[in-house]
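# Coordinates for the following, if possible.
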Amino acid sequence: MSKFDLKKEMSEFYSPPKGKFTIVDVPPINFIMGDGAGNPNHNPQFQQITEALYGLAYTIKFKSKALGNDFVVAPLEGLWWAEDMDVFTLERKDDWLWTLVMALPNWVTSELVAEAHQEVARKKDLPALSQLRFETYHEGLAVQSMYLGAYADEGPTIAALHQFAKEQGYALRGKHHEIYLGDPRRTAPEKLKTVIRQPIQKSAS
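As a prediction, this is how the structure comes out:
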């Protein structure tokens, strides 16, 4: 049985070129999601939701495999924003809002997710499991780039990406999006790979 790998099947969105900004149109994708707020470095909720997402994703994988459809568990992703986007800076992380997500193949149904959720709840003590939901997210038009380095040093790349979008005649919209392709527990900070993406729309001016 071959495994469906979202990173390969949708490589345009998960493997953009490093050091280059590209404009893409992201299709609707099914995700499991969990919301939170505050600095992810100091908020235990961030780790709890991460653990719950992985626990649920792997259970969905095993149940899907038993039905004849195996897949590689997708990387963790994060949607980031603030009620007042003027405070959405690396210095104001306490004011951030976020949604952690993991993508699923399009054959995974809400019923399968619900069954997996019940199974995880029976077997594991994951405090944030009840906060997770299954949802389709359509990001649409966006600008993105592959960033290599520590999360704390993303600022200049994000600023350059925003400037590129504006120079191309686009306005920023929606939520800052990051896809974490490296494991910070096993990878040196300077070697971490992160897809940085920002939804955009044609500027009115």
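# In terms of helices and strands, where is residue 160?
helix 155-167 (DSSP states H and E).
# what mean pLDDT does that helix have?
For helix 155-167, the mean per-residue pLDDT is 92.
# Just list what the very next helix or strand once past that helix packs against, helices and strands only.
Remark: after helix 155-167, the chain's next helix or strand is strand 170-172, criterion DSSP H and E. Packing contacts for strand 170-172, counted by 3 or more C-beta pairs under 8 Å, 6 or more residues apart in numbering; DSSP states H and E, involve helix 155-167, strand 193-202. Using the backbone N, CA and C atoms, a C-beta is placed for each residue, glycine as well.
# hmm, 6 Å instead?
strand 193-202 (3 or more C-beta pairs under 6 Å, 6 or more residues apart in numbering; DSSP states H and E).
# quick one: strands adjacent to the strand it packs on?
strand 133-148 (antiparallel), strand 170-172 (antiparallel), strand 176-180 (antiparallel) (DSSP bridges).
# List the contacts of the last one.
So that's strand 176-180. Identification of contacts with strand 176-180 by C-beta atoms under 6 Å, 6 or more residues apart in numbering yields 75-80, 194-197.
# Can you list the residue ranges for helices in the protein?
6-9, 11-14, 44-66, 110-123, 155-167 (DSSP state H).
# Go through those helices and name the closest to residue 201.
When the helices of the chain are compared by C-beta to C-beta, helix 155-167 sits nearest residue 201, at 9.7 Å.
# That closest one: which residues count as buried?
Buried residues in helix 155-167, counted by 16 or more other C-beta atoms under 10 Å: 157-158, 161-162, 164-165.
# so that helix versus strand 193-202, what angle?
Following axes from the mean of the first three to the mean of the last three C-alpha atoms, to 10 degrees, one obtains 30 degrees for the angle between helix 155-167 and strand 193-202.
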